Structure formats: C-alpha cells, structure tokens
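Asks: just to be clear, the model below is a prediction. Sequence and coordinates:
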Amino acid sequence: MRKTGKSIKGVRTRVAPSPTGFAHVGTAYVALFNYAFAKKHGGQFILRLEDSDVKRNVPGAEEAIYKGLSWLGLSWDEGPDIGGSYGPYRESEKLEIYQGQAKKLVGEGKAYEDNGAIRFKNPGEEVSWNDLIRGVITFPGEEITDFVIMKSDGYPTYNFAVVVDDIEMKISHVIRGEEHISNTPRQLAIYKALGVVSPQFAHLPTLRNFERKKLSKRRDPVDLRIYQKEGYLPEALVNFLCLLGWSHPEEKEVFSLNEFVTSFDLGRVRKAGPIFDVKKLDWINGVYIRNLDDNTLSDLVGKYLSVSVSEDFLRQVVPLIKERISKLSEAENLLSFFWERPSLQPELFSPHGVSHVASAARALGEISDWILEDVNNKLGELIAEKKFKTGEFYMSLRLALTGKRVTPPINESIVILGQDEVIHRLEEAEKVLVEVGARV
RNA sequence: GGCGCCUUCGUCUAGUGGUCUAGGACACUGGGUUUUCAUCCCAGGAAUCGCGGGUUCGACUCCCGCAGGCGUCACCA
C-alpha cells in the first residue's frame, strides 16, 4: 500500500560517506533523498564521515565531499565542518565511545574477544523489518554469523559504527542504497543487544550503468567534478537525479529542489535500480541553460572558455548559442572561430562556393554602416540578384568564416566578427577554392 | 553456491482489480517554422506489462512457482 505523505515528527536523517577521494554521484543521490525526506517533515539532515578505515582515508577527500554536496545545493544541519549537538561527526574522533559500547557487550556476554578484535555473538534469531520502500524483509537467523565489531587496531567495523553513530545522533530514518539490505539484519541484532529501538529503514535502488551493474569508480563517471567540468548545471543534475527511482506525482519532468522536497514521498520511490543515462541529463541541462537569463549564462560561459574574452563580447555572443548548447563546455567549439581563423576544408564547399564567397566579399565590402540590418539586406539582395540558393549560399559563408557547418547564426556572427576580418576570411576562402579548382 | 532484492517501450517512468486494445518524458524517424545546426511546433514507430500457473465475472495490478538481472556473504564501507 502506498504511504500517504502525512507529516512525521522528530525526523533526523543522514548521509554517511567515507572520505576515500571525491564526492560520488551515488552519495549525492542518497544525500538528496535523505535531505528531501528530512526537510519535507521539518527535520534535520546530517552529514557524517565514516572514516573508520584508516588505510582508505585520503587527504582532501573531506573537502571534496563538502564541495560536491554544496555545489548541488544540498546543505546539512549538522556535520564535521559545522558541528552540532550530537557530535563528533567523524568516526575517528569517537573511538572511546565504540570501545565503551563494545566492552559493555563483552561484559554482558553478547560479544567476545578474538585475536585482539571483538566479535559480536549472534543470537541466531530470525530478523525482519518493515522497509519503508520495500515492505517486510526477513532474514533467517543462520544467515548471520559472529562478526567482528571492533578491529584489532581499535577502530570499529562499519556495521558496529553505523549503529552506535545512528543511536548517538538520534537518527530516526536510515535511508540508504539497497546494497545495505544484507547489512541490516546484523545492525538490527546490535540494536537489540544494546537494548535500543532501531530507526526505520528505507532502501533506495542503486544507480546502474548500461550493463545494469552498480555504478563503478573504475569505469563509470561517478566523480561529481566530472559533471561540473562538463558544464552541467547543479540544478539540472539534481533534477535528473530526482527522476531516477522517483517520479513527480503530476508526472512533471522539470522541477526545482524545493519542489522535490515538497512533493517528496518515500511511497513514490521505485524498487528497481535505474540506469544512469546521460542522454536525459543532457536534455534537462539544455532546458536549464535555456531558462537562464543571458547575463547569468554569459558569466558561466566565460568560465568555460579557453581564452579570456570581454564581458561585452560575451553578452553579444551568448544569446546566439543559448539554444545550441546542452552543456557549458560546448560553447568553446561554437565560439572559437571568433578568436581563431578557421582551417578551411575545401571539400565541404558546393561547386558554387567560389562564386558565393567572392560575391559576398564584394557585396559586404560596399557596406558603410556595419550593422545587422544592412548585412541582412545586402546579402538578401545578392542572393536575389545572383539567384543563389539561400541555404547553399549561407553554408558557403559559414564554412568560409568558421570552418564548421554548425555555428551560431551567420549574419549575426558576421557583424560581430567585423568588416575587415570577414572580408579577409572570404578572400582567403576564395583563394583556397580557386587553387583547389585549378588543380582539378 | 547460500541469502536477499528486483522485473511495464532502447532509457527514465505513470499505473494501488474494470477508465489500459497500457499514458508521459528522453532518444529515434518523418514533417513544419528557419539563414546550416539548434530551438520551437506537429506526427510516427516503439512495451502481447520476464515466463508459467492460479484467485476473480474481470489482473499490468492479488497469490504461487520458474527464469533472468542485481546485490551481499571481510578485522572495506
């Protein structure tokens, strides 16, 4: 039965990445859903660092996680960087707490020492819980064997640390990836041994690649910085992530993080693992780019160009490419002809190419007032006079001026390029085409 | 292999027993607008709802079995 979206009190959720290098898109996904659930119910969303494996901790990884999540517009109410009343929020800073709890279990005969480590003595009882996304899940007792809760280096293992942390931080709802389903019975057993009522669990689907496997660090683009570099807007990425495994009650495709929060409902989360398909992300990103106002987009595009250009130039040129890019990184390829003379590919020109560029050079040379209207008129007259095919004629100009078939609108580009430069490029093209023609 | 989770167009999904000869979005194809491309608009193909049994007057929706996919079985998280 689908749950109703009624409000729940005292909601505290968390995301608990381990600082092993960078912000993972899967972490962002889980964080997003935890954030939405907490905010929807007026609760708190907490960031905790699971750094209990000393060998895997990488310097700078913490920062990367903060930056990645912040970039997406996610903020947390408590965390290692900002503190909070239920800290520490770094596992490595609360070793005594785990040790204390472990000793207590040993004292009660619920755990025992084993080669310097401490092992949890599993009662072997059947364990089950009502998963908020999947319904009742049951594991037979024999499945769980005695497992280590404190390593011989004095650090807790994951399964023990999460439980102690979640208790300490008063986490009410554990929303995490489905790969944790099989850890849940162990954790539930610890809650029971500790005599604490467990939080509620909800297991999200895991994001897959095209092989339907869990997104992997080795062969899938999982580092959030990749998306930033490619020129995806954080709002678009977030929107795309919302659409994986969840659907808007009104079937909307484009909506803000705030709207996600208000319409969020765990009951609308699907169980099957969705494929992370960038094609749809590209589309959403294009939509967000087109929705940006020109000034904002100009500033952004400026940051993605390999050369530094004037603000004025950007303002002129950005409206021309706005509808032609789906990622900010694509601006470069569309604009580079403005500061780089093209290398011509004669084979792309039609047989009338020479005549096109030659007559255009002459016609444009006659213009005294270098404004769009005059360029439009002049070239229009030329086309009529010479009976050129419009599309073909403009393609010749395009190739001559930019070297490419896909460019911003050509007349506007001509105006920005400037009269001398345009004529120079057209004459160059004429020369090249004549040479090639002569050789044939 | 044990255990667990999952299964609607290529992909993301709607769908809570009749309104579904299954709807939307992306992608794709065709057409229109246009100064190429793109945007925008219109149209189209695309799922016998994994398979097989039940239950029911009626099942994509409930039950059982099977198959396939995925996950997990560490002193990693």
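Replies: Sure thing, it's come through. For clarity, every value in this text was computed on a predicted model and none was experimentally measured.
Asks: which residues touch the residue lying closest to A:D114 once chain neighbours are set aside?
Replies: Nearest residue to A:D114, sequence neighbours excluded (C-beta to C-beta, 6 or more residues apart in numbering): A:V148, at 7.5 Å. (Each C-beta comes from the backbone N, C-alpha and C, glycine too.) By C-beta atoms under 8 Å, 6 or more residues apart in numbering, A:V148 lies in contact with A:114, A:117-120, A:157.
Asks: and if we set it to 10 Å?
Replies: Taking C-beta atoms under 10 Å, 6 or more residues apart in numbering, we find A:V148 in contact with A:111, A:114-115, A:117-120, A:156-157, A:159-160.
Asks: so which of the residues you listed reach RNA strand B?
Replies: A:114-115, A:117, A:157, A:159 (C-beta under 7 Å from any atom of the strand).
Asks: including neighbour count, pLDDT and secondary structure, could the residues you listed go into a markdown table?
Replies: Formatted as a markdown table, these follow (neighbours: other C-beta atoms under 10 Å; pLDDT from 0 to 100; DSSP: H, G, I helix; E, B strand; the rest coil):
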| residue | neighbour count | pLDDT | secondary structure |
| --- | --- | --- | --- |
| A:D114 | 12 | 94 | strand |
| A:N115 | 8 | 94 | coil |
| A:A117 | 16 | 95 | strand |
| A:T157 | 19 | 96 | coil |
| A:N159 | 19 | 97 | helix |
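Asks: from these, which two are the most distant?
Replies: A:N115 and A:N159 (18.2 Å; C-beta to C-beta).
Asks: one step back: any idea what the residue nearest to A:D114 is bridged to?
Replies: Beta-bridge partners recorded for A:V148 (DSSP bridges): A:R119.
Asks: and A:K389, how many neighbours?
Replies: For A:K389, the neighbour count with other C-beta atoms under 10 Å is 12.
Asks: tell me the mean pLDDT over the one helix or strand A:A36 maps to?
Replies: Under DSSP states H and E, the secondary-structure element containing A:A36 is helix A:25-40. The average pLDDT within helix A:25-40 is 98.
Asks: and it, what other elements does it pack with?
Replies: strand A:12-15, strand A:44-47, helix A:61-71, strand A:173-177, strand A:200-204, helix A:224-230, helix A:234-242, helix A:257-263 (3 or more C-beta pairs under 10 Å, 6 or more residues apart in numbering; DSSP states H and E).
Asks: one more pass at 6 Å, please.
Replies: strand A:12-15, strand A:44-47, strand A:173-177, helix A:257-263 (3 or more C-beta pairs under 6 Å, 6 or more residues apart in numbering; DSSP states H and E).
Asks: near RNA strand B at all, it?
Replies: No: judged by C-beta under 7 Å from any atom of the strand, helix A:25-40 makes no contact with RNA strand B; its nearest approach is 9.7 Å.
Asks: helix A:234-242 and that helix, what's the angle between them?
Replies: Using axes from the mean of the first three to the mean of the last three C-alpha atoms, to 10 degrees, one finds that helix A:25-40 and helix A:234-242 are set 90 degrees apart in direction.
Asks: write out the residues of the stretch 251-400 of chain A neighbouring RNA strand B.
Replies: Contact residues, the stretch 251-400 of chain A versus RNA strand B (C-beta under 7 Å from any atom of the strand): A:251, A:253, A:267-268, A:270-275, A:277, A:279-280, A:282-283, A:286-287, A:290, A:323-324, A:376, A:390-391, A:394-395, A:398.
Asks: which of those residues are buried, as a ChimeraX select command?
Replies: Selection of buried members from these for ChimeraX, criterion 16 or more other C-beta atoms under 10 Å:
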select /A:268,273,274,282,286,394,395,398
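Asks: from the residues of the stretch 251-400 of chain A next to RNA strand B, which land in helices?
Replies: When those are checked against helices (DSSP state H), the matches are A:279-280, A:282-283, A:286-287, A:290, A:376, A:390-391, A:394-395, A:398.
Asks: will you turn these into CSV that also has pLDDT?
Replies: CSV is the format used below for these (pLDDT from 0 to 100):
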residue, pLDDT
A:K279, 95
A:K280, 96
A:D282, 97
A:W283, 97
A:G286, 97
A:V287, 97
A:R290, 96
A:N376, 93
A:T390, 88
A:G391, 86
A:Y394, 92
A:M395, 89
A:R398, 92
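Asks: re earlier: need the helices and strands packed on helix A:25-40 in JSON lines (columns: mean neighbour count).
Replies: Formatted as JSON lines, the entries for the helices and strands packed on helix A:25-40 read as follows, by neighbours: other C-beta atoms under 10 Å:
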{"stretch": "strand A:12-15", "mean neighbour count": "26"}
{"stretch": "strand A:44-47", "mean neighbour count": "23"}
{"stretch": "strand A:173-177", "mean neighbour count": "22"}
{"stretch": "helix A:257-263", "mean neighbour count": "16"}
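Asks: can you redo the ones you listed as JSON lines with mean pLDDT?
Replies: What follows is the helices and strands packed on helix A:25-40, written out as JSON lines (pLDDT from 0 to 100):
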{"stretch": "strand A:12-15", "mean pLDDT": "98"}
{"stretch": "strand A:44-47", "mean pLDDT": "98"}
{"stretch": "strand A:173-177", "mean pLDDT": "98"}
{"stretch": "helix A:257-263", "mean pLDDT": "97"}
